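Visitor: this one's structure only:
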Ligand SMILES: CC(C)(COP(=O)(O)OP(=O)(O)OC[C@H]1O[C@@H](n2cnc3c(N)ncnc32)[C@H](O)[C@@H]1OP(=O)(O)O)[C@@H](O)C(=O)NCCC(=O)NCCS
């Protein structure tokens, strides 16, 4: 880019503004001096030959240097040799360098400026200040509501009855049952059809048994139910993977037997000594390593980290401890009163107040969700992985940069996404389903499990969670069709920030009406 500022008229010239780093020169060069009274500066020697002369860039007094942000800055200190020349016309008073040149304002996209670090810091400062005000307002209004003892009552109604824990212990029975079926299948004591039937019965019981207990048992709390059902859902997904991988191994073994030429081949090197092959993997040790590992996809040989890093582990454990307290505190102090205050507008069907409450709830809800994300996917999963020397730590990817809903689902919960791809989506594609059908199938299953984890503990079937997950398919289409780039990213954030509190308010409202208003109405 050439400097076009010198075309006729009055000119001002300026020397560089960065003293030492970009060339020599003393303070005399720093000052901006007016060009002579006539407005035309005497041409410096050598004068620029051409306004748009790219070839001269970086070689003469009109050198336009790159700034840190990639734009250009004006003529540099290359005038130093001229100043030292005794008869240089630049020694005349009031004559030095031009101070204007063709350039864009920083906020113009043409400027190429992209360093908004300061503005990001400003956002953080504003966020802290506004939240500090909210924090104070909340304290003044409600006093301190945080009560760690109350958390215990969320899990237990009666200190002598621990139904959720009992359900978690009972889950082992299903794991052992699946293991025994696999053992017999490997030994050829069961046919594949019989094995499939037994697995289906076992898997169905894993989902139905805790659901029945949660619905029928009085002493189990909603939070206890969520915990027990989550454990059983994870077990269900893991055992599906366990069964699939062992089946694939048997199929491969069958093919290898059919081709005796390749059966004799052995892997070489030290790595082969440490790998397990089918059916040697069928041990309780291997099964329980998989059940406790932070993954839903079974493998015979997981990548292992060489040692347990004690400092890393300690940091994750401290994060787990601190963030648990923080989440509980924020829920009790910030979310619960906001939700309680939302009930009246809902009762009166006051739409403007409902929207105001929704937006108010969106802030703590989103903050807690973000903390939960870090707590679960980074702190907890890494702590477990470190303890078990589980090597694959890709629990999440950069979902925060999502410019589409599809990208978000591919990147926010990697264990679930990997399971969906490996045990649901790709098998459906292989059987001839279209991508759309396979994708809809995955979201349907995901919607079912979301509803399962909410409806059963709350003892009410409203399908809000189910609808929310199924709505992801049209939402993905709308966002990709109408929003791209930063707008797409903003649209994804907006759906996350607003979508969740809508679901939360719906469930809380229905729960409130069902449990606190219906008996009164009946009376
Ligand atoms: C439905 C879902 C699995 C689709 O995933 P996706 O990555 O968008 O799917 P794509 O069509 O891009 O294909 C993904 C894979 O299938 C492969 N694939 C595509 N077409 C294929 C075909 N016809 N045959 C075989 N494989 C195929 C791709 O190569 C790709 O493989 P790779 O992962 O090894 O690169 C994903 O959106 C998802 O996980 N959704 C549910 C998420 C969820 O509910 N999470 C709950 C969190 S609480």
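Guide: Noted; the coordinates are in hand. Source: prediction; values computed, not measured.
Visitor: mind listing the strands in the protein by residue range?
Guide: Secondary structure of the chain, counting by DSSP state E: strands at 12-13, 33-34, 65-66, 72-73.
Visitor: count of residues packed around the residue in the chain that the ligand sits nearest to?
Guide: In the chain, no residue comes nearer to the ligand than residue 446, which is 3.2 Å away by CB to the nearest ligand atom. All C-beta spots, glycine's among them, are computed from the backbone N, C-alpha and C. Other residues lying near residue 446 total 20 when counted by other CB atoms under 10 Å.
Visitor: Which pLDDT value belongs to it?
Guide: Here the pLDDT value assigned to residue 446 is 97.
Visitor: okay but residue 378 is in contact with residue 386, surely?
Guide: No - using CB atoms under 8 Å, residue 378 is not in contact with residue 386; the gap is 11.7 Å.
Visitor: Now for the two: what residues contact both?
Guide: Listed contacts common to residue 378 and residue 386 are residue 316; contacts here mean CB atoms under 8 Å, 6 or more residues apart in numbering.
Visitor: Among the two, which residue is more densely surrounded?
Guide: Comparing residue 378 with residue 386 by other CB under 10 Å, the one with more neighbours is residue 386, at 22 against 17.
Visitor: from memory the more buried one sits against residue 315, does it?
Guide: No - using CB under 8 Å as the test, residue 386 is too far from residue 315 to be in contact (9.8 Å).
Visitor: Not counting its neighbours along the chain, what's nearest residue 182?
Guide: Nearest in space to residue 182, with sequence neighbours left out and distances taken as CB to CB, 6 or more residues apart in numbering, is residue 246 at 5.1 Å.
Visitor: give the contact list for that neighbour.
Guide: 182, 185-186, 278, 281-282, 298.
Visitor: swap in residue 215?
Guide: Residue 215 makes contact with 456, 459, according to CB under 8 Å, 6+ apart.
Visitor: measure it to residue 455 for me?
Guide: As for residue 215, its distance to residue 455 is 10 Å (criterion: CB to CB, to the nearest Å).
Visitor: Against residue 241, how distant is residue 453?
Guide: When residue 453 is compared with residue 241 (using CB to CB), they lie 19 Å apart.
Visitor: Between those two, point out the one with more neighbours.
Guide: The residue with more neighbours, out of residue 453 and residue 241, is residue 241; 20 against 17, by other CB under 10 Å.
Visitor: Return the residues of the stretch 301-450 of the chain in contact with the ligand.
Guide: 406, 409-410, 413, 416-417, 420-421, 425-426, 429, 435, 439, 442-443, 446 (CB under 6 Å from any ligand atom).
Visitor: at 5 Å what do you get?
Guide: 409-410, 413, 416-417, 420-421, 425-426, 429, 439, 442, 446 (CB under 5 Å from any ligand atom).
Visitor: buried sites along stretch 333-352?
Guide: Neighbour-count burial for stretch 333-352, counted by 16 or more other CB atoms under 10 Å, picks out 333-335, 338-339, 342-343, 345-346.
Visitor: Give me the local confidence score for the spatially closest residue to residue 171 that is not a sequence neighbour.
Guide: Excluding the flanking residues, the one nearest residue 171 by CB to CB, 6+ apart is residue 235, at 5.3 Å. Here, the pLDDT recorded for residue 235 equals 98.
Visitor: With residue 307 instead?
Guide: For residue 307, pLDDT reads 95.
Visitor: The stretch 51-200 of the chain: helices as residue ranges?
Guide: 80-84, 117-142, 148-155, 163-187, 192-216 (DSSP state H, counting those that start in this stretch).
Visitor: Can you tell me which of the ones you listed is most buried?
Guide: Greatest average neighbour count among the helices of the stretch 51-200 of the chain goes to helix 163-187 (a mean of 18), per mean count of other CB atoms under 10 Å.
Visitor: Could you check the angle that one makes with helix 148-155?
Guide: For helix 163-187 against helix 148-155, the angle by axes from the mean of the first three to the mean of the last three CA atoms, to 10 degrees is 50 degrees.
Visitor: so what does helix 163-187 touch, helix or strand wise?
Guide: helix 192-216, helix 222-258, helix 284-292 (3 or more CB pairs under 8 Å, 6 or more residues apart in numbering; DSSP states H and E).
Visitor: Which residues in the longest one does the neighbour count mark as buried?
Guide: Buried residues in helix 222-258, defined by neighbour count with 16+ other CB under 10 Å: 222, 224-247, 249-250.
Visitor: Check stretch 438-446 too.
Guide: 438-439, 442-443, 446.
Visitor: Same list, these, but as TSV with distance to residue 136 please.
Guide: Output for those, formatted as TSV (distance: CB to CB, whole Å):
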residue	distance to residue 136
438	51
439	47
442	45
443	42
446	40
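Visitor: from those residues, which is closest to residue 503?
Guide: Nearest to residue 503 out of those is residue 446 (CB to CB; 14.2 Å).
Visitor: Excluding chain neighbours, give the residue nearest to the closest one in space.
Guide: Closest to residue 446 by CB to CB, 6+ apart is residue 469, at 5.3 Å.
Visitor: Spatially nearest residue to residue 447 (excluding sequence neighbours)?
Guide: Residue 447's closest residue in space is residue 469 (CB to CB, 6+ apart), at 3.5 Å.
Visitor: Done for today, thanks.
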